[in-house]
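> I'll drop the sequence and a predicted model, then ask my questions.
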Amino acid sequence: MEFSWREKDYSYNFKQLPVKTLNNRKLGIDGTTLIKEQSLDDLKKDIIMILLYGSTTEGSEQAGL
């Protein structure tokens with residue numbers, strides 16, 4: 001994924017995505033695992049990058065809406 005932030009270009013290579021199925025349990029955010037301490041694994045990092053990228057779009061046409 002290529003993106004710009006504060007006038008600088010960056011690149012991020014997804015480490016786990018794409019995955020065949022993605023759900024709350026796999027991310028550790030379901031009812032039973034949400035209250036347990038968890039490490040920040042590569043799948044969570046990939047999802048964080050997508051969310052951060054989406055949160056910085058300047059218009060809905062860039063967000064694919």
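Thanks, I have the structure now.

> can you give me the strands for this protein?
2-5, 8-11 (DSSP state E).

> would you point to the one among those strands that's packed deepest?
strand 2-5 (a mean of 10; mean count of other CB atoms under 10 Å). Where C-beta positions appear, they are placed from N, C-alpha and C, glycine not excepted.

> centroid residue for this protein?
Ile47 (1.8 Å; CA atoms, centre = their mean).

> ok, that residue to Thr21 distance?
14 Å (CB to CB, to the nearest Å).

> sorry, back to before: same list (the strands of the chain) but as a markdown table, adding mean pLDDT.
Formatted as a markdown table, the strands of the chain follow (pLDDT from 0 to 100):
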| stretch | mean pLDDT |
| --- | --- |
| strand 2-5 | 81 |
| strand 8-11 | 90 |
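
> for the chain, what spans make up the helices?
24-27, 42-55 (DSSP state H).

> any chance of those helices in CSV, plus distance to Glu7?
Below are the helices of the chain laid out as CSV (distance: least, CB to CB, whole Å):
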stretch, distance to Glu7
helix 24-27, 32
helix 42-55, 16
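
> got a list of what the residue nearest to the centre of the chain touches?
When contacts are counted by CB atoms under 8 Å, 6 or more residues apart in numbering, Ile47 is found next to 17, 27.

> just the pLDDT at Ala63, thanks.
You'll see Ala63 listed with a pLDDT of 54.
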